[in-house]
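Chemist: I need the structure of the sequence given here:
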Amino acid sequence: MADQQINSASLDTQTRIFAGVDVGSKELVLVVRKNGKPFNPQKFSNTPADHARMAKKLNKLSGIIVCMEATGSYHFDLAVALHDAGVKVMVINPKVSHNFAKVLMNNSKTDDVDANTLAVYAERMDFVPWSRPSNEKIALRCFSRRINALTDQKTAAKNQLHALSATVETPKAVLKDAQAAIDQLDKRIDQLTAGALALIEKHPELSRALVLFTSIKGIANTSAIALMGELLILPADMSHREWVKFAGLDPRAFDSGTSVHKKTRISKAGNSQIRAALYMPVWSAVQHDRHIKAYYQHLLDMGKLPLQACCAVMRKLLHAIHGMLKHDKPFDNTRFYAIPSIAE
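Modeler: All right, here's what the predicted structure looks like:
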């Protein structure tokens with residue numbers, strides 16, 4: 001990297017400037033590029049105070065575009081801080097930056113190199129601005145992800161109890177403790193669900209969305225909270241196809257020449273939380289909604305495996321949810337799939 005220090009006075013305001021931020025759980029590495037050359041990396045702690053310090057520094061560089069990866073929850077507060085300070089921010093899928101680094105033929109992988117790669121990406125690729133969700137939608141996502149985490153813990157605890165119960169040698173005190181852990185998790189999940197519903201009730205937009213989501217058979221309050229937490233934070237101008245791709249439910253073909261013809265699978269390159277939130281509601285809808293069941297059966301009749309048919313229903317249901325929110329209309333199962341009439 002060029003032996004230079006970032007100095008806003010030395011930067012020509014007429015020149016477009018780019019920056020990349022490598023986000024870690026505790027540390028942020030910032031690299032700024034001007035005229036195709038990087039300045040020395042700067043390190044910040046991943047704390048609100050240093051978020052503000054970085055935003056203040058970058059705000060002095062007129063027109064700067066900052067690029068970072070979506071790294072779970074660790075990047076989110078920084079993206080909010082930079083956006084609120086007026087800095088242009090783009091957040092990209094980690095797989096995109098990983099493949100971009102391969103194109104650049106980077107031989108090393110360090111935080112400094114990754115930050116520079118992100119700056120080069122911002123420099124060469126089209127700017128796609130990050131859309132900041134409202135505070136209530138951010139809070140709802142926090143509720144939904146915490147409920148999901150506790151639900152996973154509850155499943156693990158129930159599996160442990162089942163294993164302990166399989167032998168008569170397990171002391172009753174141990175079984176009692178395992179059951180108490182499950183009961184405690186149930187209580188915590190109920191408290192968080194009540195908190196999420198109270199938050200939704202305070203905001204008309206969220207309340208209306210809950211009504212729309214629960215108009216689908218198979219989606220009750222718990223599933224609706226999980227889906228709303230992930231889908232409502234997405235930019236309003238995203239198409240239904242972009243939703244599907246973001247969820248990783250888009251098909252991934254793999255054909256080459258005359259000899260390589262792998263099975264088409266879903267990409268799984270997007271948000272796994274959306275796929276997880278859709279999975280059980282789809283199976284429930286297949287059981288209780290005749291139109292969704294007919295579509296599922298139609299896929300089976302075409303030779304699809306049950307899991308393949310489930311993924312197809314998930315994808316089509318995501319299309320339906322996008323249309324429901326866009327047009328503010330409840331779920332219409334007759335538009336989801338028209339059951340063919342049987343000629344007598």
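Chemist: Please name the residues that touch the residue most central in space within the chain.
Modeler: In the chain, the residue lying closest to the centroid (CA atoms, centre = their mean) is residue 271, at 3.8 Å. Neighbouring residues of residue 271 by CB atoms under 8 Å, 6 or more residues apart in numbering: 230, 246-248. Bear in mind the C-beta positions are built from the backbone N, C-alpha and C, glycine included.
Chemist: Next, format these as TSV and append secondary structure and neighbour count.
Modeler: Supplementary listing: the contacts of residue 271 in TSV, determined by DSSP: H, G, I helix; E, B strand; the rest coil; neighbours: other CB atoms under 10 Å:
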residue	secondary structure	neighbour count
230	helix	24
246	helix	20
247	coil	26
248	coil	16
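Chemist: helices or strands up against the helix or strand where residue 95 lies?
Modeler: Here residue 95 sits within helix 94-103, counting by DSSP states H and E. In terms of contact count using 3 or more CB pairs under 8 Å, 6 or more residues apart in numbering; DSSP states H and E, helix 94-103 is assigned the packing partners helix 111-124.
Chemist: for the helix it packs on, which positions count as buried?
Modeler: Of the residues in helix 111-124, those with enough neighbours to count as buried (16 or more other CB atoms under 10 Å) are 111-123.
Chemist: and that helix, what's its mean pLDDT?
Modeler: Mean per-residue pLDDT for helix 111-124: 95.
Chemist: helix or strand right after it?
Modeler: According to DSSP H and E, the helix or strand after helix 111-124 is helix 135-165.
Chemist: Phi, psi for the residue nearest to the centre of the chain please.
Modeler: Here is the backbone geometry of residue 271 (degrees, to the nearest 10): phi -80, psi 110.
Chemist: what does residue 44 give?
Modeler: phi -130, psi 150.
Chemist: where in the chain is pLDDT low?
Modeler: Residues of the chain meeting the criterion pLDDT under 70: 1-15, 260, 342-344.
Chemist: per-domain residue ranges of it.
Modeler: The chain breaks down into these structural domains: 8-124, 135-202, 240-336 (assignment by automatic domain parsing).
Chemist: Can I get the ones you listed in TSV including distance to residue 215?
Modeler: Written out in TSV, the entries for the domains of the chain read as follows (distance: least, CB to CB, whole Å):
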stretch	distance to residue 215
domain 8-124	30
domain 135-202	15
domain 240-336	4
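Chemist: Quick one: the helices in the stretch 151-300 of the chain, in order.
Modeler: Under the criterion DSSP state H, counting those that start in this stretch, the stretch 151-300 of the chain carries helices at the ranges 172-202, 204-213, 221-231, 240-246, 272-288, 290-301.
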